[in-house]
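**Student:** model this:
(one chain, ligands or ions: 1)
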Amino acid sequence: MKVFHKANDIHAWLQSEHHTRSIGFVPTMGALHAGHLSLIDRSKAEKDLTVCSIFVNPTQFNDPNDLAKYPRTLADDTDKLLQHGCDVLFLPTEEEIYPDPSVKDRSYDLAGLDKRWEGANRPGHFQGVCMVVHRLLEIIPTDSLYLGQKDFQQFLILRHMVREILQWSVQVVPCPIVREDDGLAMSSRNVRLSEQERLDSLVLHRALQYIQQHAGQQPLHKLLQAAKSIITTAGSVQKLDYLAIVNAADLSPVEAYKDAPTLLAIVAAHFPSARLIDNQVIKGQLAEW
Ligand code: PAF
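**Tutor:** This next block holds a predicted model:
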(Lines give C-alpha, C1' and ligand atoms only; values in the text may rest on other atoms or scores of the structure.)
Protein backbone atom coordinates (compact mmCIF):
# COMPACT_ATOMS: atom_id res chain seq x y z
CA MET A 1 0.00 0.00 0.00
CA LYS A 2 1.38 3.39 -1.00
CA VAL A 3 1.10 6.02 1.74
CA PHE A 4 1.02 9.76 0.98
CA HIS A 5 1.04 12.73 3.33
CA LYS A 6 1.23 15.58 0.81
CA ALA A 7 -1.69 16.66 -1.37
CA ASN A 8 0.56 17.52 -4.33
CA ASP A 9 2.30 14.13 -4.23
CA ILE A 10 -0.82 11.97 -4.15
CA HIS A 11 -2.52 14.17 -6.76
CA ALA A 12 0.38 13.89 -9.22
CA TRP A 13 0.73 10.12 -8.74
CA LEU A 14 -3.00 9.40 -9.08
CA GLN A 15 -3.36 11.71 -12.09
CA SER A 16 -0.83 9.70 -14.01
CA GLU A 17 -2.38 6.35 -12.95
CA HIS A 18 -5.85 7.63 -13.86
CA HIS A 19 -5.01 7.58 -17.59
CA THR A 20 -5.27 3.79 -17.51
CA ARG A 21 -6.91 2.84 -14.19
CA SER A 22 -10.28 3.63 -12.60
CA ILE A 23 -10.21 5.01 -9.05
CA GLY A 24 -12.51 4.30 -6.12
CA PHE A 25 -12.26 6.58 -3.09
CA VAL A 26 -13.27 5.91 0.53
CA PRO A 27 -12.95 9.03 2.73
CA THR A 28 -12.79 8.28 6.48
CA MET A 29 -11.84 9.78 9.82
CA GLY A 30 -10.10 6.56 10.88
CA ALA A 31 -11.02 4.24 13.77
CA LEU A 32 -11.89 1.83 11.00
CA HIS A 33 -14.45 -0.92 11.57
CA ALA A 34 -16.16 -3.52 9.39
CA GLY A 35 -18.47 -0.83 7.95
CA HIS A 36 -15.51 1.12 6.51
CA LEU A 37 -13.87 -2.09 5.33
CA SER A 38 -17.01 -3.05 3.42
CA LEU A 39 -16.57 0.20 1.45
CA ILE A 40 -12.95 -0.73 0.70
CA ASP A 41 -14.08 -4.22 -0.44
CA ARG A 42 -16.76 -2.72 -2.70
CA SER A 43 -14.28 -0.31 -4.27
CA LYS A 44 -11.75 -3.13 -4.73
CA ALA A 45 -14.40 -5.22 -6.51
CA GLU A 46 -15.44 -2.38 -8.83
CA LYS A 47 -12.34 -0.25 -9.47
CA ASP A 48 -8.70 -0.75 -10.48
CA LEU A 49 -7.29 1.39 -7.67
CA THR A 50 -8.75 1.93 -4.20
CA VAL A 51 -7.78 5.02 -2.23
CA CYS A 52 -8.63 5.57 1.45
CA SER A 53 -8.10 8.83 3.33
CA ILE A 54 -7.89 9.20 7.09
CA PHE A 55 -8.37 12.75 8.33
CA VAL A 56 -10.24 13.81 11.47
CA ASN A 57 -11.81 16.92 10.02
CA PRO A 58 -12.13 19.69 12.62
CA THR A 59 -14.56 21.78 10.54
CA GLN A 60 -17.35 19.21 10.84
CA PHE A 61 -17.31 18.93 14.65
CA ASN A 62 -19.70 21.36 16.29
CA ASP A 63 -18.79 19.88 19.71
CA PRO A 64 -15.08 20.34 20.65
CA ASN A 65 -15.44 17.55 23.20
CA ASP A 66 -16.54 15.11 20.47
CA LEU A 67 -13.50 16.14 18.38
CA ALA A 68 -11.12 15.67 21.32
CA LYS A 69 -12.59 12.25 22.16
CA TYR A 70 -12.72 10.99 18.56
CA PRO A 71 -10.73 7.70 18.57
CA ARG A 72 -7.38 7.77 16.75
CA THR A 73 -6.05 4.29 15.95
CA LEU A 74 -3.70 4.71 13.00
CA ALA A 75 -1.54 1.58 13.44
CA ASP A 76 -4.61 -0.63 13.69
CA ASP A 77 -6.30 1.18 10.77
CA THR A 78 -3.23 0.64 8.57
CA ASP A 79 -3.21 -3.12 9.37
CA LYS A 80 -6.88 -3.42 8.45
CA LEU A 81 -6.40 -1.54 5.17
CA LEU A 82 -3.46 -3.79 4.28
CA GLN A 83 -5.52 -6.90 5.03
CA HIS A 84 -8.26 -5.65 2.70
CA GLY A 85 -5.84 -4.83 -0.09
CA CYS A 86 -6.31 -1.05 -0.09
CA ASP A 87 -3.88 0.34 -2.69
CA VAL A 88 -3.32 3.91 -1.52
CA LEU A 89 -3.64 5.61 1.88
CA PHE A 90 -3.75 9.40 2.20
CA LEU A 91 -2.85 10.80 5.63
CA PRO A 92 -2.90 14.58 5.30
CA THR A 93 -2.20 17.15 7.99
CA GLU A 94 -4.64 19.99 8.52
CA GLU A 95 -2.36 22.31 6.50
CA GLU A 96 -2.60 20.03 3.47
CA ILE A 97 -6.40 20.03 3.56
CA TYR A 98 -6.85 23.69 4.48
CA PRO A 99 -3.76 25.36 2.98
CA ASP A 100 -5.38 28.77 2.90
CA PRO A 101 -8.45 30.30 4.55
CA SER A 102 -10.41 30.43 1.29
CA VAL A 103 -11.07 26.68 1.53
CA LYS A 104 -12.72 27.22 4.94
CA ASP A 105 -14.73 30.15 3.55
CA ARG A 106 -16.51 27.98 1.01
CA SER A 107 -20.21 27.59 1.66
CA TYR A 108 -22.68 25.29 -0.02
CA ASP A 109 -26.35 25.76 -0.84
CA LEU A 110 -27.67 22.35 0.10
CA ALA A 111 -31.27 23.00 -0.99
CA GLY A 112 -32.57 22.54 2.55
CA LEU A 113 -31.16 18.99 2.85
CA ASP A 114 -28.98 20.23 5.73
CA LYS A 115 -31.75 21.91 7.71
CA ARG A 116 -33.37 18.91 9.37
CA TRP A 117 -32.29 16.04 11.64
CA GLU A 118 -28.48 15.92 11.92
CA GLY A 119 -28.29 19.43 10.46
CA ALA A 120 -30.65 20.86 13.06
CA ASN A 121 -28.86 19.07 15.88
CA ARG A 122 -25.28 19.77 14.74
CA PRO A 123 -25.05 23.34 13.40
CA GLY A 124 -22.40 23.75 10.70
CA HIS A 125 -21.69 20.01 10.54
CA PHE A 126 -22.69 19.44 6.91
CA GLN A 127 -20.92 22.58 5.67
CA GLY A 128 -17.75 21.12 7.23
CA VAL A 129 -18.38 17.72 5.63
CA CYS A 130 -18.88 19.33 2.20
CA MET A 131 -15.76 21.47 2.65
CA VAL A 132 -13.51 18.50 3.39
CA VAL A 133 -14.96 16.13 0.79
CA HIS A 134 -14.86 18.85 -1.90
CA ARG A 135 -11.19 19.45 -1.08
CA LEU A 136 -10.42 15.72 -1.01
CA LEU A 137 -12.08 15.28 -4.42
CA GLU A 138 -9.91 18.10 -5.78
CA ILE A 139 -6.85 16.20 -4.62
CA ILE A 140 -7.94 12.65 -5.49
CA PRO A 141 -9.16 12.04 -9.05
CA THR A 142 -12.20 9.88 -8.28
CA ASP A 143 -14.55 7.82 -10.45
CA SER A 144 -16.62 6.44 -7.56
CA LEU A 145 -17.00 7.80 -4.04
CA TYR A 146 -18.11 5.11 -1.56
CA LEU A 147 -20.18 6.21 1.44
CA GLY A 148 -21.94 4.32 4.23
CA GLN A 149 -25.72 4.44 4.43
CA LYS A 150 -25.68 4.82 8.20
CA ASP A 151 -24.98 8.50 7.55
CA PHE A 152 -27.80 8.66 5.03
CA GLN A 153 -28.24 12.44 5.28
CA GLN A 154 -24.51 12.85 4.63
CA PHE A 155 -24.83 10.61 1.55
CA LEU A 156 -27.76 12.67 0.15
CA ILE A 157 -25.93 15.94 0.80
CA LEU A 158 -22.64 14.81 -0.74
CA ARG A 159 -24.47 13.43 -3.77
CA HIS A 160 -26.21 16.81 -4.10
CA MET A 161 -22.86 18.64 -3.81
CA VAL A 162 -21.21 16.46 -6.45
CA ARG A 163 -24.13 16.37 -8.90
CA GLU A 164 -25.84 19.73 -8.53
CA ILE A 165 -23.21 22.11 -7.15
CA LEU A 166 -19.91 20.88 -8.57
CA GLN A 167 -21.51 19.05 -11.53
CA TRP A 168 -18.69 16.55 -11.53
CA SER A 169 -19.04 13.09 -13.01
CA VAL A 170 -18.16 11.28 -9.80
CA GLN A 171 -20.51 8.39 -9.02
CA VAL A 172 -21.63 8.59 -5.37
CA VAL A 173 -22.29 5.05 -4.14
CA PRO A 174 -24.31 4.35 -0.97
CA CYS A 175 -23.28 1.11 0.77
CA PRO A 176 -25.46 -0.89 3.22
CA ILE A 177 -25.12 -0.46 6.98
CA VAL A 178 -22.93 -3.12 8.60
CA ARG A 179 -24.20 -4.27 12.01
CA GLU A 180 -22.77 -6.12 15.00
CA ASP A 181 -24.29 -9.61 15.48
CA ASP A 182 -26.81 -8.18 17.94
CA GLY A 183 -27.94 -5.44 15.53
CA LEU A 184 -26.03 -2.34 16.68
CA ALA A 185 -24.95 -0.33 13.63
CA MET A 186 -21.15 -0.17 13.44
CA SER A 187 -19.74 3.23 14.36
CA SER A 188 -16.36 4.54 15.44
CA ARG A 189 -18.10 6.01 18.48
CA ASN A 190 -19.35 2.61 19.77
CA VAL A 191 -16.03 1.95 21.54
CA ARG A 192 -16.82 4.76 23.96
CA LEU A 193 -19.97 3.06 25.31
CA SER A 194 -19.90 1.53 28.81
CA GLU A 195 -21.12 -2.06 29.20
CA GLN A 196 -24.58 -0.87 30.25
CA GLU A 197 -24.77 1.72 27.45
CA ARG A 198 -23.71 -0.92 24.93
CA LEU A 199 -26.61 -3.15 26.07
CA ASP A 200 -29.06 -0.24 26.06
CA SER A 201 -27.88 0.93 22.63
CA LEU A 202 -29.70 -2.06 21.11
CA VAL A 203 -33.02 -0.26 21.62
CA LEU A 204 -32.26 1.88 18.55
CA HIS A 205 -32.15 -1.08 16.18
CA ARG A 206 -35.06 -2.72 18.01
CA ALA A 207 -37.22 0.38 17.56
CA LEU A 208 -36.37 0.63 13.86
CA GLN A 209 -37.12 -3.05 13.37
CA TYR A 210 -40.45 -2.64 15.14
CA ILE A 211 -41.35 0.11 12.68
CA GLN A 212 -40.20 -1.96 9.72
CA GLN A 213 -42.14 -5.04 10.80
CA HIS A 214 -45.40 -3.15 11.37
CA ALA A 215 -45.15 -0.57 8.59
CA GLY A 216 -48.14 -0.61 6.26
CA GLN A 217 -50.32 -2.19 8.97
CA GLN A 218 -50.72 0.67 11.44
CA PRO A 219 -50.84 4.47 11.08
CA LEU A 220 -47.28 5.86 11.14
CA HIS A 221 -47.89 8.10 14.18
CA LYS A 222 -48.92 5.01 16.20
CA LEU A 223 -45.81 3.15 15.08
CA LEU A 224 -43.62 6.06 16.09
CA GLN A 225 -45.28 6.27 19.49
CA ALA A 226 -44.66 2.57 20.20
CA ALA A 227 -41.08 2.74 18.87
CA LYS A 228 -40.35 5.81 21.01
CA SER A 229 -41.40 3.95 24.12
CA ILE A 230 -39.01 1.09 23.23
CA ILE A 231 -36.16 3.62 23.21
CA THR A 232 -37.07 5.61 26.28
CA THR A 233 -37.37 2.48 28.47
CA ALA A 234 -33.56 2.06 28.19
CA GLY A 235 -32.07 3.63 31.33
CA SER A 236 -29.00 5.09 29.69
CA VAL A 237 -30.77 6.98 26.89
CA GLN A 238 -30.36 10.58 28.03
CA LYS A 239 -32.16 12.27 25.17
CA LEU A 240 -33.89 11.19 21.99
CA ASP A 241 -32.95 13.84 19.41
CA TYR A 242 -35.33 12.44 16.82
CA LEU A 243 -37.19 9.35 15.68
CA ALA A 244 -39.02 9.90 12.40
CA ILE A 245 -40.31 8.30 9.23
CA VAL A 246 -39.16 10.23 6.17
CA ASN A 247 -39.18 10.27 2.39
CA ALA A 248 -35.74 8.90 1.46
CA ALA A 249 -35.50 11.28 -1.51
CA ASP A 250 -35.36 14.49 0.55
CA LEU A 251 -35.72 13.46 4.21
CA SER A 252 -39.05 15.26 4.60
CA PRO A 253 -41.33 13.64 7.21
CA VAL A 254 -44.29 11.70 5.82
CA GLU A 255 -47.71 11.22 7.38
CA ALA A 256 -48.80 8.05 5.61
CA TYR A 257 -47.17 4.91 4.24
CA LYS A 258 -48.37 5.74 0.71
CA ASP A 259 -46.77 9.22 0.73
CA ALA A 260 -43.44 8.25 -0.91
CA PRO A 261 -42.04 5.25 -2.83
CA THR A 262 -39.06 4.84 -0.50
CA LEU A 263 -39.43 5.40 3.24
CA LEU A 264 -36.74 5.47 5.87
CA ALA A 265 -37.06 5.35 9.67
CA ILE A 266 -34.29 7.45 11.23
CA VAL A 267 -33.14 7.86 14.82
CA ALA A 268 -30.55 9.74 16.88
CA ALA A 269 -30.12 9.46 20.64
CA HIS A 270 -27.69 10.63 23.29
CA PHE A 271 -26.08 8.13 25.61
CA PRO A 272 -23.79 9.43 28.39
CA SER A 273 -20.64 8.54 26.40
CA ALA A 274 -21.73 9.02 22.79
CA ARG A 275 -24.50 10.19 20.51
CA LEU A 276 -25.61 7.40 18.16
CA ILE A 277 -27.59 7.44 14.91
CA ASP A 278 -29.17 4.68 12.87
CA ASN A 279 -31.71 4.19 10.10
CA GLN A 280 -33.64 1.50 8.28
CA VAL A 281 -35.50 1.32 5.00
CA ILE A 282 -39.13 0.50 5.77
CA LYS A 283 -40.56 0.68 2.23
CA GLY A 284 -38.96 0.39 -1.20
CA GLN A 285 -35.23 0.02 -1.60
CA LEU A 286 -32.12 2.10 -1.95
CA ALA A 287 -30.27 -0.36 -4.17
CA GLU A 288 -30.81 1.59 -7.36
CA TRP A 289 -30.01 5.04 -5.90
O1 PAF B 1 -18.38 9.92 7.45
C2 PAF B 1 -17.26 10.35 7.79
O3 PAF B 1 -16.44 9.63 8.40
C4 PAF B 1 -16.90 11.79 7.48
O5 PAF B 1 -17.99 12.63 7.60
C6 PAF B 1 -16.19 11.98 6.12
C7 PAF B 1 -17.14 11.64 4.96
C8 PAF B 1 -14.96 11.12 6.06
C9 PAF B 1 -15.77 13.44 5.96
O10 PAF B 1 -14.87 13.83 6.96
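
**Student:** against S187, how distant is the residue minimising distance to the centre of the chain?
**Tutor:** Among the residues of the chain, D151 comes closest to the average C-alpha position under Cα atoms, centre = their mean, at 3.3 Å. Per Cβ to Cβ, to the nearest Å, D151 is found 9 Å from S187. Quick note: C-beta positions are derived from backbone N, CA and C, even for glycine.

**Student:** need the overlap of contacts for those two.
**Tutor:** I277 (Cβ atoms under 8 Å, 6 or more residues apart in numbering).

**Student:** show the contacting residues for H214.
**Tutor:** Residues in contact with H214 (Cβ under 8 Å, 6+ apart) are 223, 226.

**Student:** quick one: contacts for W13?
**Tutor:** Residues near W13 by Cβ under 8 Å, 6+ apart: 2, 4, 88.

**Student:** helix/strand/coil for it?
**Tutor:** Following DSSP: H, G, I helix; E, B strand; the rest coil, we place W13 in the helix state.

**Student:** repeat for the one 4 residues further on
**Tutor:** Classification of E17 by three-state DSSP places it in helix.

**Student:** just give the nearest non-adjacent residue to it, would you?
**Tutor:** Distances taken as Cβ to Cβ, 6 or more residues apart in numbering place L49 nearest to E17, at 6.1 Å, with adjacent residues excluded.

**Student:** next, count neighbours for that neighbour.
**Tutor:** Residues lying near L49 (other Cβ atoms under 10 Å) number 21.

**Student:** hmm, it is touching F25, no?
**Tutor:** No. With contact defined as Cβ atoms under 8 Å, L49 does not count as touching F25 (9.3 Å).

**Student:** what about the strands in the stretch 101-250 of the chain?
**Tutor:** In the stretch 101-250 of the chain, the strands defined using DSSP state E, counting those that start in this stretch lie at 144-148, 171-175, 239-247.

**Student:** need the winner for burial among those strands.
**Tutor:** Most buried of the strands of the stretch 101-250 of the chain by mean neighbour count (mean count of other Cβ atoms under 10 Å) is strand 144-148; its value is a mean of 22.

**Student:** near the ligand, which residues of the stretch 51-200 of the chain?
**Tutor:** Contact residues (Cβ under 6 Å from any ligand atom) of the stretch 51-200 of the chain with the ligand: 57, 60, 129, 132-133, 151, 154.

**Student:** so which of those are in helices?
**Tutor:** 129, 132-133, 154 (DSSP state H).

**Student:** farthest pair in those?
**Tutor:** Using Cβ to Cβ, these reach their maximum pairwise distance at V132 and Q154, which is 11.3 Å.

**Student:** sorry, back to before: and the residue nearest to E17, bridged to which residues?
**Tutor:** With DSSP bridges applied, L49 shows beta-bridge pairing to I23.

**Student:** pLDDT value on it, please?
**Tutor:** Here the pLDDT value assigned to L49 is 98.

**Student:** need the pLDDT of Q285.
**Tutor:** Listed pLDDT for Q285 reads 88.

**Student:** I'd say it and T262 touch.
**Tutor:** Yes. Between Q285 and T262 there is a contact under Cβ under 8 Å: 6.9 Å.

**Student:** N279 falls within a strand, correct?
**Tutor:** Yes. Assessed by three-state DSSP, N279 belongs to a strand.

**Student:** how far away is it from R198?
**Tutor:** For N279, the distance to R198 equals 20 Å [Cβ to Cβ].

**Student:** more neighbours: those two, which one.
**Tutor:** When neighbours are counted by other Cβ under 10 Å, N279 and R198 differ, and N279 comes out ahead with 23 against 18.

**Student:** who are the packing partners of the least confident helix or strand in the chain by mean pLDDT?
**Tutor:** Of all helical and strand segments in the chain, the minimum by mean pLDDT, DSSP states H and E falls on helix 101-105, at a mean of 89. Packing contacts for helix 101-105, counted by 3 or more Cβ pairs under 8 Å, 6 or more residues apart in numbering; DSSP states H and E, involve helix 125-139.
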